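Novice: I'll drop the sequence and a predicted model, then ask my questions.
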Amino acid sequence: MITFEIEMMGKSRAKVKALAGNQTIEVDSFNLDTRKSRAGFLDSVSKKTGVDIEELDRVFFDHIDRLKTITQPDSVSNPLDDCPAHIREQAMDMLKSPELFDIISRDIEVVGIAGEKDLCRQLYIIMTSRILNKPLSGIVFGASSSGKSYLIETVSKLMPQESVLQAHDITDEALYYLEPGALEHRIVIAGERIEDKNNRRGKAEDNTKALREMLASGKLSKLVTTKDKDGKPVACRIEQAGPIVYLESTTSTGIHDEDATRLLPLVTDESYQQTEMIIDAMRKNAMGQTGSDKLIESIILKHQTAQRILRPVRVHIPYVHSLNLPYEVVSTRRAFEQLLSMIKAVALLRQYQKEAIEENGILTIKADDGDYEIVYPLIMEIFARTYSPMNEKSRDLLRVIMDRNTSERFTIQDLTAWAGISDASIRRRLRELTERGIIAVHGEIKPYTYSVQNPDLVKQAKVPLPTPDEIRERLAIMES
């Protein structure tokens, strides 16, 4: 009779030993959830013993079921259970405080970041949005040595560590092969993005295809070919549930459009004043005038506890019809969703300062003018970059078009002849012009034709968001 000894080496990986009496037949380590690895191991045992592989499969899974019964805890461990009462009280007091965001800013400074108040608030809100069904994601632009990665990593310390997945390098399809559930409502922090270039596997935009799919749909799904126990090829579906918050940094001045519209553009402060603040903080630290390790640890624990206390609530935005962005710009479609997610994330953080109503078994809160007042300066900073002037290459192409033709339609071939550059370069420069609504695309028949639509947008699109005072007036009218 064949028996198995299974020694768990992680959540799913195990060292498996097949025995016939006291004699060891086969030993291997593999992921118990991976069908191919199980089949290979059992096939080897079957060949050595002559026992039918289906019988071995049945016995093997009997062992796994018994193992799960023995190792399954009575209840899932909750980090809040081990949290000291006074820390929980501090966390709740902070969440209930009207000064919540001032406390967040002061605590981040004590933990080790000088200045960068707006950027730190943006990062804190983005990371908190992991609880939402439509979280935010961002990329921090900045020069070398501007502290981009340090800022992200330091703010992430204030988040529950079970919610943070940090990897300095993520290969093209790594997200597909994590353990099931490893990405649900997680903060994924990547290292620094190098300048987008094509590699031997294809175009640069193909290298982050899985990431874009996760950010867009909140899940990953992929069909791969594998082999069954008889060696025949079969289709296997790999699925990975999200959603995720994704953060990275770069020294590049821009990233390709497929990623740019999905990531909020954040920037470090490279001013003389900011450098002076950083040097001053270094001097205080060298003189022992900054927060002690014990104080820093207590602040981190307080914020992690506050984040764990937050409930997943539904957020209604009663003034949503008062929010407007430039309709003529294609990127507005994602920018508007990002605006709503940021308002919801702030309301989520301030949920204990609001009345929560249960609707169909789901706690619901309303975003108020206080939430919008926090969001407005932070999102306007971001939208100033989202709706920024054109880069020089696209601007040069528009100048060529305006010199040649302002009313007639034209083709890619026309543009290559007018500008004297390659077809690929024309398409890259034209893409930004069309996405921002400056050039219109007419795709009724091929070849596609183009026409000048809104040349004034090359200067800078105006962001018509209402001010916090205007939102307050709107809410007052609605209430009356």
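Specialist: Structure's in. What do you need?
Novice: quick one: low-confidence ranges for the stretch 101-250 of the chain?
Specialist: 143, 172, 194-208 (pLDDT under 70).
Novice: One more pass at 90, please.
Specialist: 112-116, 141-150, 166-184, 190-242, 249-250 (pLDDT under 90).
Novice: Tell me which stretches of it form strands.
Specialist: With DSSP state E, counting those that start in this stretch, the ranges of strands along the stretch 101-250 of the chain come out as 138-141, 164-167, 186-193, 219-227, 233-241, 244-250.
Novice: okay, those in a markdown table with distance to L56 and mean neighbour count next?
Specialist: All C-beta spots, glycine's among them, are computed from the backbone N, C-alpha and C. Shown next, in a markdown table, are the strands of the stretch 101-250 of the chain (distance: least, C-beta to C-beta, whole Å; neighbours: other C-beta atoms under 10 Å):
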| stretch | distance to L56 | mean neighbour count |
| --- | --- | --- |
| strand 138-141 | 50 | 23 |
| strand 164-167 | 36 | 16 |
| strand 186-193 | 37 | 20 |
| strand 219-227 | 18 | 13 |
| strand 233-241 | 20 | 12 |
| strand 244-250 | 39 | 25 |
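Novice: out of the ones you listed, nearest to G291?
Specialist: Each of those has some distance to G291 by C-beta to C-beta; the shortest is strand 164-167, at 21.9 Å.
Novice: In the sheet, which strands lie alongside the closest one, parallel or antiparallel?
Specialist: strand 186-193 (parallel) (DSSP bridges).
Novice: Let me have the strands of the stretch 101-250 of the chain in JSON lines, extended by distance to I113.
Specialist: Compiled in JSON lines, the strands of the stretch 101-250 of the chain are given as follows (distance: least, C-beta to C-beta, whole Å):
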{"stretch": "strand 138-141", "distance to I113": "13"}
{"stretch": "strand 164-167", "distance to I113": "17"}
{"stretch": "strand 186-193", "distance to I113": "16"}
{"stretch": "strand 219-227", "distance to I113": "33"}
{"stretch": "strand 233-241", "distance to I113": "32"}
{"stretch": "strand 244-250", "distance to I113": "14"}
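Novice: Quick one, which of these gets closest to G437.
Specialist: G437 lies closest to strand 138-141 among the strands of the stretch 101-250 of the chain, at 23.1 Å (C-beta to C-beta).
Novice: From the contact counts, what lies against that closest one?
Specialist: Packing partners of strand 138-141 (3 or more C-beta pairs under 8 Å, 6 or more residues apart in numbering; DSSP states H and E): helix 117-128, helix 148-156, strand 244-250, strand 264-267.
Novice: which residues in the stretch 301-450 of the chain form helices?
Specialist: 332-349, 369-386, 392-404, 412-419, 423-435 (DSSP state H, counting those that start in this stretch).
Novice: so which of these gets nearest P265?
Specialist: When the helices of the stretch 301-450 of the chain are compared by C-beta to C-beta, helix 369-386 sits nearest P265, at 4.4 Å.
Novice: Run through who's touching the closest one.
Specialist: Outside helix 369-386, the residues that touch it by C-beta atoms under 8 Å, 6 or more residues apart in numbering are 98, 101, 118, 121-122, 125, 264-267, 319, 325, 331, 335, 338-339, 342-343, 346-347, 350, 353, 463, 465, 467-468, 471-472, 475.
Novice: Might you calculate how far it sits from the centre of the chain?
Specialist: Distance of helix 369-386 from the chain centroid (C-alpha atoms, centre = their mean, to the nearest Å) equals 19 Å.
Novice: now that helix and helix 117-128, what's the angle there?
Specialist: Using axes from the mean of the first three to the mean of the last three C-alpha atoms, to 10 degrees, the direction of helix 369-386 lies 110 degrees away from that of helix 117-128.
Novice: hang on, the earlier thing: filter the contacts of helix 369-386 down to the buried ones.
Specialist: 101, 118, 121-122, 125, 264-267, 319, 325, 331, 335, 338-339, 342-343, 346-347, 350, 353, 463, 465, 468, 471-472, 475 (16 or more other C-beta atoms under 10 Å).
Novice: got the CA coordinates for stretch 303-323 in CSV?
Specialist: The C-alpha trace of stretch 303-323 is given here as CSV (Å, rounded to 0.1, in the frame of the first residue of the first chain):
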residue,chain,number,x,y,z
HIS,A,303,-1.8,54.2,11.2
GLN,A,304,-1.7,50.5,10.4
THR,A,305,-4.4,50.0,13.0
ALA,A,306,-6.5,52.9,11.7
GLN,A,307,-6.3,51.4,8.2
ARG,A,308,-7.5,48.0,9.5
ILE,A,309,-10.3,49.6,11.4
LEU,A,310,-11.7,51.2,8.1
ARG,A,311,-14.8,49.5,6.9
PRO,A,312,-15.5,48.8,3.2
VAL,A,313,-18.4,51.2,2.7
ARG,A,314,-20.3,52.4,-0.4
VAL,A,315,-19.7,56.1,-1.0
HIS,A,316,-22.3,58.3,-2.7
ILE,A,317,-21.3,61.7,-4.1
PRO,A,318,-24.3,63.9,-4.0
TYR,A,319,-22.6,66.7,-6.0
VAL,A,320,-21.3,64.5,-8.8
HIS,A,321,-23.3,66.4,-11.5
SER,A,322,-21.4,69.6,-10.6
LEU,A,323,-18.1,68.0,-11.5
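Novice: what comes up buried for that stretch?
Specialist: Buried, per 16+ other C-beta under 10 Å, within stretch 303-323: 303-310, 313-315, 317, 319, 322-323.
Novice: now stretch 177-185
Specialist: L183, H185.
Novice: who touches it?
Specialist: 11-12, 33, 130-131, 135, 163, 165, 175, 214, 238-244.
Novice: Check the offset of it from the chain's centre.
Specialist: Put simply, stretch 177-185 sits 14 Å off its chain's centre (C-alpha atoms, centre = their mean).
Novice: measure that stretch end to end?
Specialist: With C-alpha to C-alpha, to the nearest Å as the measure, the ends of stretch 177-185 fall 17 Å from one another.
Novice: residues near the residue nearest to H303 when sequence neighbours are not counted, how many?
Specialist: Leaving aside its chain neighbours, H303 sits nearest to L158 (3.8 Å; criterion: C-beta to C-beta, 6 or more residues apart in numbering). L158 has 23 neighbouring residues, counting by other C-beta atoms under 10 Å.
Novice: Contacts only, for L158.
Specialist: D107, I108, V111, Y124, M127, I299, I300, H303, Q304, Q307.
Novice: and with 7 Å instead?
Specialist: I300, H303, Q304 (C-beta atoms under 7 Å, 6 or more residues apart in numbering).
Novice: roughly how far apart are the second one and E153?
Specialist: What that stands for is H303. 14 Å (C-beta to C-beta, to the nearest Å).
Novice: what's the answer for the first one, then?
Specialist: Spatial separation of I300 from E153 under the definition C-beta to C-beta is 12 Å.
Novice: More neighbours: which of the two?
Specialist: Applying other C-beta under 10 Å to I300 and E153 shows that I300 carries more neighbours, namely 18 against 15.
Novice: gap between the closest residue to that one other than its chain neighbours and L136?
Specialist: Nearest residue to I300 in three dimensions, chain neighbours excluded: K157, at 5.4 Å (C-beta to C-beta, 6+ apart). Noted for K157: a distance of 19 Å to L136, by C-beta to C-beta.
Novice: Understood, closing this out.
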